[in-house]
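Peer 1: Prediction below, plus the sequence it came from.
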Amino acid sequence: MLAQQHRTVATDHLGNVRATVSDMLLPRGSGVFDADLRTLTDYYPFGMTMPERSYEAAGINGHRYGYNGKENDNEVKGEGNQQDYGFRIYDPRVARFLSVDPLAPDYPWYTPYQFAGNTPIQAIDLDGLEPEAVVAKASEYIGTPYEFGGKKPAMKGGYPVWMPKASYLAFIGYPSSAMSSVRIDRVKWSFLSFGSSAANECKLELTDVANFQALFNTKDCGIDCSGLARLAFNADKLKKIPNMGVISANAMKSLLDEKARGDEPTAVVGNDMSLVQEGDLVFSPNHVMIATGQTRNSIRKGGESVLEFEVIHAPQTGREVIREWKRATDKHSWGRPVRNEEAKNTAGSSE
């Protein structure tokens, strides 16, 4: 009896499974080998499989996952025509879910059956999978400068994060406004390392500085680790824990530990980093990160296998919010909230 083959999945920028290869090598001759391609799939934008653009090796069971990385339910409508998103069923042929979005009241401008905000080239659907919303929110701040104590960035992408873009442009008189005399000549980010005389200042060079001094917080231009974690954590609309306020990384860990120990736990915590999931908050001493859910085993010198996990975090002064692989150690732990759709008897700890 042949040993079971393991497959490696190749995905694109949206997590769509485009190809799978086995762990076998096919000899071509003279010491040259080819990968053993098991499946290959191309998709239309909303996920329907392109005819004549898919391949499946003979004598194998088809790969269970496909568009957006979700599991196919091929027994109902045929190959790749239905995916299970956890809380709703999706049909890629009509580009719609088959039931109403439970979060529809929060997005009145969308049809309650829409998929990925009708922008499937650059977005995936978060429906029924709030950890993706947590990671997506954290990803928005990649490249934002770190500022110790900067829980709420003043500007992002050239605009204030707390003010609608249209209102901002009208206020500065672009393209026209009653306040046309008040304009920004240049918005100059001056991100300086600690120890300088103007550490972490965001300088706005303005035509009329007086009118803007009350509007802009020029000392709050970056975001620190707990500020990033708070914004990401609060993006989870299904969590049973209320939104976090401005607290430290250590306070976040203590909060999740406390919620996990309650008579009716509303959080799950653990130390085994092989169990970390997408959207989890990952803690190390005085630091907090957001897990993407990706893990891998890396081989170090001497043949040692080391577990690594991927995070989005604001690492330290003088750097920006980044996506990074971290080596798991006994100093790491993780925590996540229980969500409204999850089983009521969720254990308080994985340990």
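Peer 2: Structure's in. What do you need? Numbers count the residues shown, from 1 in each chain.
Peer 1: for this protein, what spans make up the helices?
Peer 2: 74-77, 130-139, 165-171, 209-213, 225-234, 249-260 (DSSP state H).
Peer 1: mean confidence score for the first one?
Peer 2: Confidence over helix 74-77 (mean pLDDT, whole number) is 83.
Peer 1: coming back round to it: want to throw the helices of the chain into JSON lines with distance to Leu14 and mean neighbour count?
Peer 2: Every residue, glycine included, has its C-beta placed from N, CA and C. Listed next are the helices of the chain as JSON lines, based on distance: least, Cβ to Cβ, whole Å; neighbours: other Cβ atoms under 10 Å:
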{"stretch": "helix 74-77", "distance to Leu14": "21", "mean neighbour count": "12"}
{"stretch": "helix 130-139", "distance to Leu14": "11", "mean neighbour count": "22"}
{"stretch": "helix 165-171", "distance to Leu14": "26", "mean neighbour count": "14"}
{"stretch": "helix 209-213", "distance to Leu14": "40", "mean neighbour count": "12"}
{"stretch": "helix 225-234", "distance to Leu14": "20", "mean neighbour count": "24"}
{"stretch": "helix 249-260", "distance to Leu14": "30", "mean neighbour count": "18"}
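Peer 1: for those, which one sits closest to Gly150?
Peer 2: helix 225-234 (5.9 Å; Cβ to Cβ).
Peer 1: How far does that closest one sit from its chain's centre?
Peer 2: Between the centre of helix 225-234 and the centre of its chain there are 12 Å (Cα atoms, centre = their mean, to the nearest Å).
Peer 1: Mind giving me the packing neighbours of it?
Peer 2: helix 130-139, helix 249-260, strand 287-299, strand 305-313 (3 or more Cβ pairs under 8 Å, 6 or more residues apart in numbering; DSSP states H and E).
Peer 1: So which of the ones you listed is nearest Ala58?
Peer 2: Ranking the helices and strands packed on helix 225-234 by proximity to Ala58 (Cβ to Cβ) places strand 287-299 first, at 30.7 Å.
Peer 1: for that closest one, packing partners?
Peer 2: So strand 287-299, by 3+ Cβ pairs under 8 Å, 6+ apart, packs with helix 130-139, helix 225-234, helix 249-260, strand 281-284, strand 305-313, strand 322-327.
Peer 1: out of these, nearest to Phe87?
Peer 2: helix 130-139 (9.9 Å).
Peer 1: Against which helices or strands is the closest one packed?
Peer 2: Helix 130-139 packs on helix 225-234, strand 287-299, strand 305-313, going by 3+ Cβ pairs under 8 Å, 6+ apart.
Peer 1: Between strand 287-299 and the first one, find me the angle.
Peer 2: This means helix 225-234. 90 degrees (axes from the mean of the first three to the mean of the last three Cα atoms, to 10 degrees).
Peer 1: Only C-alpha atoms, please: export helix 225-234 in CSV.
Peer 2: Output of helix 225-234 as CSV, limited to C-alpha atoms (Å, rounded to 0.1, in the frame of the first residue of the first chain):
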residue,chain,number,x,y,z
CYS,A,225,1.9,48.0,19.3
SER,A,226,-1.1,48.2,21.6
GLY,A,227,-2.7,50.9,19.5
LEU,A,228,-2.5,48.7,16.4
ALA,A,229,-3.8,45.7,18.4
ARG,A,230,-6.7,47.7,19.8
LEU,A,231,-7.8,48.9,16.3
ALA,A,232,-7.6,45.4,14.9
PHE,A,233,-9.3,43.7,17.9
ASN,A,234,-12.2,46.2,17.8
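Peer 1: Can you tell me what sits against that helix?
Peer 2: With contacts defined as Cβ atoms under 8 Å, 6 or more residues apart in numbering, helix 225-234 is touched by 134-135, 137-138, 141, 150-153, 223, 239, 243-249, 251-252, 279, 281, 287-290, 312-315, 321, 337.
Peer 1: mind listing what's buried in stretch 316-328?
Peer 2: 317, 321, 326, 328 (16 or more other Cβ atoms under 10 Å).
Peer 1: out of those residues, who's nearest Glu75?
Peer 2: In terms of Cβ to Cβ, no member of the buried residues of stretch 316-328 lies closer to Glu75 than Ala328, at 38.3 Å.
Peer 1: Identify the residues contacting Pro285.
Peer 2: Lys331.
Peer 1: Just give me the lowest mean pLDDT stretch among the helices and strands packed on strand 287-299.
Peer 2: If you rank the helices and strands packed on strand 287-299 by mean pLDDT, helix 130-139 sits at the bottom with a mean of 81.
Peer 1: And for that helix, what's in contact with it?
Peer 2: With contacts defined as Cβ under 8 Å, 6+ apart, helix 130-139 is touched by 124, 126, 228-229, 231-233, 235-239, 277-280, 290-293, 312, 321, 323, 336, 339.
Peer 1: just the buried members of these?
Peer 2: 124, 126, 228-229, 231-233, 235-236, 238-239, 278-280, 290-292, 312, 321, 336, 339.
Peer 1: Pull out the buried positions in stretch 290-303.
Peer 2: 290-292, 295.
Peer 1: For Ile312, see how far away the spatially most central residue of the chain is.
Peer 2: Nearest to the geometric centre of the chain sits Val135, at 1.9 Å (Cα atoms, centre = their mean). Going from Val135 to Ile312 by Cβ to Cβ, to the nearest Å gives 7 Å.
Peer 1: Brilliant, that's me finished.
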